[in-house]
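Asks: fold the stuff below for me.
(chains A and B)
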2 protein chains.
Amino acid sequence: MKFCTTCGNAVHVAIPEDDNRERHICIACGEIHYHNPKNVVGTIPLWGEQILLCRRAIEPRKNYWTLPAGFLELHETSAEGAVRETLEETGANVKIGALFTILNVPHIGQIHWFYIAQMSSSDFSPFTSESTEVALFDEATIPWDDLAFLTVKTTLKHFFADRTAGKDILQPGLIPHLTDLRPVVS
Amino acid sequence: MKFCTTCGNAVHVAIPEDDNRERHICIACGEIHYHNPKNVVGTIPLWGEQILLCRRAIEPRKNYWTLPAGFLELHETSAEGAVRETLEETGANVKIGALFTILNVPHIGQIHWFYIAQMSSSDFSPFTSESTEVALFDEATIPWDDLAFLTVKTTLKHFFADRTAGKDILQPGLIPHLTDLRPVVS
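Replies: Purely as a prediction, here's the structure:
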């Protein structure tokens, strides 16, 4: 951020009075500009024993496989956003189920949420404007080495572990997996 | 938003190519500016059978009682933010427990999160820079008619209902109450 959204003059970085963090402050009108983590919402779209994944048409992680997900928009709920993103990225209509994972990714200022979702039919688009390829996978065929994000891998690992353990993952109101992901420091 | 954060020129509102929502777009450099919901994180601070509430020193809802909570900051997790806000608003150190409620408030672009938290001792500040009064309440003495926000009231109602029903609310990994709150249309 270089300029104030209110008056268009330059901002500088300083700790405001009565605060303890650096903020962008306008040198002309004094407005303090805050930046907060964003929510990325998506689904685990289920068709029988299979899961629908999509291959990213855009950066970051272009060409890698992901669960459908994207930034939550103003004036929609987390579930509404997850359904919308699923439709946009895969062409599939889903019935939203239980919230399954919430993954804090603090080093990039994001929180990723994944809901269990049932595909309303076997219809989906083989590609969309956001995905070069959309396909159903069994547990054995998930492209583990070509997944776009650690939050997707973590969510899929939890899903298969819970299914193997016989947990009723389709039932709303289940225990979500609340995880904090941080960069690996070697 | 009136001016571009990147170049300081005016923005206008239009739907970008390959999008379906109005955004703020810079008339000079073309940058698209997105606005997304913010997370408000807090706790239900417990001391024995009692809950710690604080009376707001600032708008909105100045002088009304609330659970300690505030905007999640960049580079912290939802739990870290909840602990920080509790300390800032009440002076109490807490040990974070299970995530208890997640409340979408889409009409104001916010999501409110409340964690169960155990106070580490009976110490807290009778007032802070953000609270004119901080006090412990029993279920019978909660100031129901003077609570600041519907999300706080909803969370407290769930808490007492679960405790009355004998649910083990202190155990991490419980079912969170996931609620969407919308304005009442009469």
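
Asks: who's sitting farthest from the centroid in chain A?
Replies: Distance from the C-alpha centroid of chain A peaks at A:A28, with 37.1 Å (Cα atoms, centre = their mean).

Asks: chain A - how does it break down into domains?
Replies: Per automatic domain parsing, the structural domains of chain A span A:1-35, A:38-180.

Asks: looking at those domains, which is closest to B:N20?
Replies: Closest to B:N20 of the domains of chain A, according to Cβ to Cβ: domain A:38-180, at 9.0 Å. C-beta here means a position set from N, CA and C on the backbone, and glycine is covered the same way.

Asks: pLDDT on the closest one, on average?
Replies: Averaged over domain A:38-180, pLDDT sits at 92.

Asks: tell me what A:C54 is bridged to.
Replies: A:T66, A:V134 (DSSP bridges).

Asks: tell me what the longest helix belonging to chain A is packed against?
Replies: The longest helix of chain A (DSSP state H) is helix A:150-164. Judged by 3 or more Cβ pairs under 8 Å, 6 or more residues apart in numbering or on different chains; DSSP states H and E, helix A:150-164 is in contact with strand A:38-47, strand A:94-105, strand A:110-119, strand A:177-180.

Asks: Throw the ones you listed into CSV and include distance to chain B, thanks.
Replies: Converted to CSV, those look like this (distance: least, Cβ to the nearest Cβ, whole Å):
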stretch, distance to chain B
strand A:38-47, 5
strand A:94-105, 4
strand A:110-119, 7
strand A:177-180, 5
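
Asks: JSON lines for the ones you listed, including mean neighbour count and distance to B:E85?
Replies: Formatted as JSON lines, those follow (neighbours: other Cβ atoms under 10 Å in any protein chain shown; distance: least, Cβ to Cβ, whole Å):
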{"stretch": "strand A:38-47", "mean neighbour count": "24", "distance to B:E85": "18"}
{"stretch": "strand A:94-105", "mean neighbour count": "21", "distance to B:E85": "15"}
{"stretch": "strand A:110-119", "mean neighbour count": "23", "distance to B:E85": "16"}
{"stretch": "strand A:177-180", "mean neighbour count": "17", "distance to B:E85": "17"}
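
Asks: possible to save the ones you listed as CSV with distance to B:T164?
Replies: Supplementary listing: the helices and strands packed on helix A:150-164 in CSV, determined by distance: least, Cβ to Cβ, whole Å:
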stretch, distance to B:T164
strand A:38-47, 32
strand A:94-105, 24
strand A:110-119, 29
strand A:177-180, 25
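
Asks: for A:G81, find the nearest of those strands.
Replies: Smallest distance to A:G81 across the helices and strands packed on helix A:150-164 (Cβ to Cβ): 4.2 Å, for strand A:38-47.

Asks: got the CA positions of that closest one in CSV?
Replies: Output of strand A:38-47 as CSV, limited to C-alpha atoms (Å, rounded to 0.1, in the frame of the first residue of the first chain):
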residue,chain,number,x,y,z
LYS,A,38,-8.7,-13.4,4.3
ASN,A,39,-10.9,-16.5,4.2
VAL,A,40,-10.6,-19.0,1.4
VAL,A,41,-13.7,-21.3,1.4
GLY,A,42,-14.2,-24.5,-0.5
THR,A,43,-15.6,-28.0,-0.5
ILE,A,44,-14.8,-31.7,-0.7
PRO,A,45,-17.3,-32.6,-3.5
LEU,A,46,-18.4,-36.2,-3.1
TRP,A,47,-19.9,-38.5,-5.8
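
Asks: what angle sits between that strand and strand B:110-119?
Replies: Per axes from the mean of the first three to the mean of the last three Cα atoms, to 10 degrees, the angle that strand A:38-47 makes with strand B:110-119 is 100 degrees.

Asks: partner strands of strand A:38-47 and their direction?
Replies: By DSSP bridges, strand A:38-47 pairs with strand A:50-56 (antiparallel), strand A:69-71 (antiparallel), strand A:110-119 (parallel).
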